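[1] only geometry, no sequence info:
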């Protein structure tokens, strides 16, 4: 929930849960935690791309090819992914298919990434205003081209963790 100091699942070097901490401490100390990254496609195979709100605590105002967020203490990654895609984009009841796991670390955030795909979503998209400022469907080819453009203001974590998977998906068509 936005504005609440959630208790976040910390992860160890082995990629497994290793404790918990308040979200404020996770951000302040850049503690390694668990997070989800969900790619949503429509029946035509287009990817939902959105711009993060200017009030986000990490990478505000940047574009993202994934919905997602931190895992709460004790939360299963699949449950966290379902919660996050419902909160951010209003995608409720969709099948979430695990597609990748990865690790991401930079000066702002450090996490074990659990990547999921919602494929062929034909329901409504409803933004959570605190999370999403804009969004639209884009052809996979365009998304990959944007991810390959260093000038495109995309969140670096999604570029790093979902980018390789999206490129592989494009090549495999």
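    Okay, I see it. All values derive from a computational prediction rather than experimental measurement.
[2] May I see the buried residues of the lengthiest helix in the chain?
    Ranked by residue count under DSSP state H, the longest helix found in the chain is helix 77-89. Burial within helix 77-89, assessed by neighbour count using 16 or more other Cβ atoms under 10 Å, is assigned to 77, 80-89. All C-beta atoms are positioned from the backbone trio N, CA, C, and that covers glycine.
[3] Does residue 97 touch residue 115 like I think?
    No. If you go by Cβ atoms under 8 Å, residue 97 and residue 115 don't touch, sitting 9.7 Å apart.
[4] out of these two, which sits in the busier spot?
    More neighbours surround residue 115 than the other of residue 97 and residue 115, with 23 against 14 (other Cβ atoms under 10 Å).
[5] Distance check, that one against residue 77.
    According to Cβ to Cβ, to the nearest Å, residue 115 and residue 77 sit 9 Å apart.
[6] Give me the common contacts of those two.
    36, 98 (Cβ atoms under 8 Å, 6 or more residues apart in numbering).
[7] What does residue 146 show for phi and psi?
    Backbone torsions of residue 146, given as degrees, to the nearest 10, read phi -70, psi -40.
[8] List the residues that contact it.
    By Cβ under 8 Å, 6+ apart, the neighbours of residue 146 are 49, 63, 138, 152, 154.
[9] ok, of those, which come out buried?
    By 16+ other Cβ under 10 Å, these give 49, 63, 138, 154 as buried.
[10] Now the two most distant members of the residues you listed.
    In terms of Cβ to Cβ, those reach their longest pairwise distance at 138 and 154, which sit 11.9 Å apart.
[11] Can you list the low-confidence ranges for this structure?
    Along the chain, the model assigns pLDDT under 70 to residues 1-3.
[12] That one: helices as residue ranges?
    So, for the chain - with DSSP H - the helices run 23-29, 77-89, 140-147, 156-161, 163-171.
[13] Residue 13 is nearest to which of those?
    Between the helices of the chain, helix 23-29 lies closest to residue 13; by Cβ to Cβ that is 16.2 Å.
[14] Appreciated, that's everything.
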